[in-house]
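Asks: my questions concern the predicted model and sequence given below.
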Amino acid sequence: MTRDDAPEKREGPAGAEPGGPGAPDAGAAGASAAGASAPGSGAPDPGASGPGAAGSGAPDASVAESGVPERKGERTKRRILEAARRQFARAGFERATIRAIAADAGVDKASVIQYFGTKQELFREAVRWEIPVAELTTDDPGESVENYLRAMLGAWSKDPDSPMTALLRASMTSEEAAELLRRRVTEQAVDPVAAALDDPDARLRSALVGAMMMGIATHRHLLRMPDLAEAPEDDILRLAVPLLRSLITPPQGPGA
């Protein structure tokens, strides 16, 4: 642990312990495949400074995607989460520091600790996302896998520092991040897809679908492999969807 990330005393209700009742709830926010969205706590914004801070003259979104105006504390929390994803993606979990995240967000270090407590808690919330498998699944397996792949490619294209992307990058250098990635993908992708398949190899088929999709997205958006990065999305779908469909549609009839 670096000096930068050493635990610091936080003010809270009398008798409150870090991580216990009265401490900030780092897992309160949900997220999506396109990017985590954390509702603010409504707490005062004591450390806002620098770019994007209130009163700095820099542009700062004051209306959430839902169209509902954000309170000052919510804006600060959102900026911290966005900065954390950038820092974790670029430096990795081990090398990213609370000080660097605070500077990127335009707040002071105390504000990051006030909202999220520790670097571990901040990381878990920053890379939180939900894969809407149920919403993308239809009665047609081919349509379903096309929905899955189109949604993944669209999400990564829309936000290069999305929670999923940040977690994937961090997992390359951190076993803690890698374990979190394995658990999230298994729970949110492999499990629900496998549950819909009537086949002895349901879990393996589901895992292969996930591996192929992750590989396509990684080569296109992270590694920027020229042939994939420059290809029209419709061409990728045209060639990849039949392969994915063959995995989740087991052969039928005699000799299958």
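Replies: Looks like it arrived, so ask away.
Asks: do a quick rundown of the helices in the stretch 51-200 of the chain.
Replies: Using DSSP state H, counting those that start in this stretch, the helices of the stretch 51-200 of the chain run over 72-95, 98-105, 109-116, 119-126, 133-136, 141-158, 163-171, 175-185, 191-195.
Asks: looking at these, which one is packed in the most?
Replies: Highest mean neighbour count among the helices of the stretch 51-200 of the chain (mean count of other CB atoms under 10 Å): helix 163-171, with a mean of 25. Yep, even glycine has a C-beta here, placed from its N, CA and C like the rest.
Asks: could you give the angle of it to helix 72-95?
Replies: Here helix 163-171 points in a direction 30 degrees away from that of helix 72-95 (axes from the mean of the first three to the mean of the last three CA atoms, to 10 degrees).
Asks: which neighbouring elements make contact with helix 163-171?
Replies: Judged by 3 or more CB pairs under 8 Å, 6 or more residues apart in numbering; DSSP states H and E, helix 163-171 is in contact with helix 72-95, helix 119-126, helix 141-158, helix 175-185.
Asks: so for the longest one, mean pLDDT?
Replies: Going back to what we said before, that points to helix 72-95. Across helix 72-95, pLDDT averages out at 91.
Asks: report the angle between it and helix 98-105.
Replies: 130 degrees.
Asks: just the C-alphas of helix 72-95, formatted as PDB.
Replies: Taking C-alpha atoms only, helix 72-95 is exported to PDB below (Å, rounded to 0.1, in the frame of the first residue of the first chain):
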ATOM      1  CA  LYS A  72     -24.000  19.100  -6.400                       C
ATOM      2  CA  GLY A  73     -23.000  16.000  -4.500                       C
ATOM      3  CA  GLU A  74     -24.200  13.700  -7.300                       C
ATOM      4  CA  ARG A  75     -22.200  15.600  -9.900                       C
ATOM      5  CA  THR A  76     -19.100  15.300  -7.700                       C
ATOM      6  CA  LYS A  77     -19.600  11.600  -7.200                       C
ATOM      7  CA  ARG A  78     -20.200  11.100 -10.900                       C
ATOM      8  CA  ARG A  79     -17.000  13.000 -11.800                       C
ATOM      9  CA  ILE A  80     -15.000  10.800  -9.300                       C
ATOM     10  CA  LEU A  81     -16.300   7.600 -10.800                       C
ATOM     11  CA  GLU A  82     -15.500   8.700 -14.400                       C
ATOM     12  CA  ALA A  83     -12.000   9.800 -13.300                       C
ATOM     13  CA  ALA A  84     -11.500   6.500 -11.500                       C
ATOM     14  CA  ARG A  85     -12.400   4.500 -14.600                       C
ATOM     15  CA  ARG A  86      -9.900   6.400 -16.600                       C
ATOM     16  CA  GLN A  87      -7.100   6.000 -14.000                       C
ATOM     17  CA  PHE A  88      -7.800   2.300 -13.400                       C
ATOM     18  CA  ALA A  89      -7.900   1.600 -17.100                       C
ATOM     19  CA  ARG A  90      -4.600   3.400 -17.800                       C
ATOM     20  CA  ALA A  91      -2.600   2.700 -14.700                       C
ATOM     21  CA  GLY A  92      -4.100  -0.500 -13.500                       C
ATOM     22  CA  PHE A  93      -5.600  -1.200 -10.000                       C
ATOM     23  CA  GLU A  94      -2.300  -1.400  -8.200                       C
ATOM     24  CA  ARG A  95      -0.700   1.800  -9.600                       C
END
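Asks: and Leu244, which of the helices of the stretch 51-200 of the chain is closest to it?
Replies: Ranking these by proximity to Leu244 (CB to CB) places helix 141-158 first, at 3.9 Å.
Asks: neighbouring contacts of that closest one?
Replies: For helix 141-158, the surrounding residues in contact (CB atoms under 8 Å, 6 or more residues apart in numbering) are 32-35, 132-133, 136-138, 162, 164-165, 209, 213-214, 216-217, 220-221, 233, 236-237, 240-242, 244-245, 248-249.
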